[in-house]
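> below is the structure, and that's it, no one-letter string:
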């Protein structure tokens, strides 16, 4: 048992950022976030979008944000809008986010 999705989100963030006395291990942090996201945690999915955006994987980032927005996570919808405004997401992707939210 890997524990609650909230605990995996928090652990993932701690590893990714090297926070709360945890040695930074971005790969382990991403694995924790992926685990929580696969079980429906919208905030973990949102953070995976940021990881992909930071790595210049805009298409993958938008896909994560779309999934999270469709789960009702407004920050993801706002991020898609920002990406659209900056030419990093398409109008169709923004419309899909709006419809799903």
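On my side now, so go ahead. None of the values given here were measured: they were computed from a predicted structure.
> any low-confidence regions in this structure?
Scanning the chain for pLDDT under 70 picks out 1-2.
> can you tell me the centre-most residue of it?
Geometric centre of the chain, nearest residue: residue 46, 2.2 Å, by Cα atoms, centre = their mean.
> element containing that residue, please.
According to DSSP states H and E, residue 46 maps onto helix 42-54.
> after that helix comes which helix or strand?
Helix 42-54 is succeeded, C-terminally, by helix 58-70 (DSSP H and E).
> and for the spatially closest residue to residue 48 that is not a sequence neighbour, the neighbour number?
In this structure, residue 48 finds its nearest non-sequential neighbour in residue 64, 4.6 Å apart by Cβ to Cβ, 6 or more residues apart in numbering. Where C-beta positions appear, they are placed from N, C-alpha and C, glycine not excepted. Neighbour count for residue 64, taken as other Cβ atoms under 10 Å: 24.
> just checking, residue 64 touches residue 43?
No. Counting by Cβ atoms under 8 Å, residue 64 does not reach residue 43; the two are 11.3 Å apart.
> quick check: buried residues in stretch 44-58?
For stretch 44-58, a neighbour-count test (16 or more other Cβ atoms under 10 Å) marks 44-53, 58 as buried.
> understood, closing this out.
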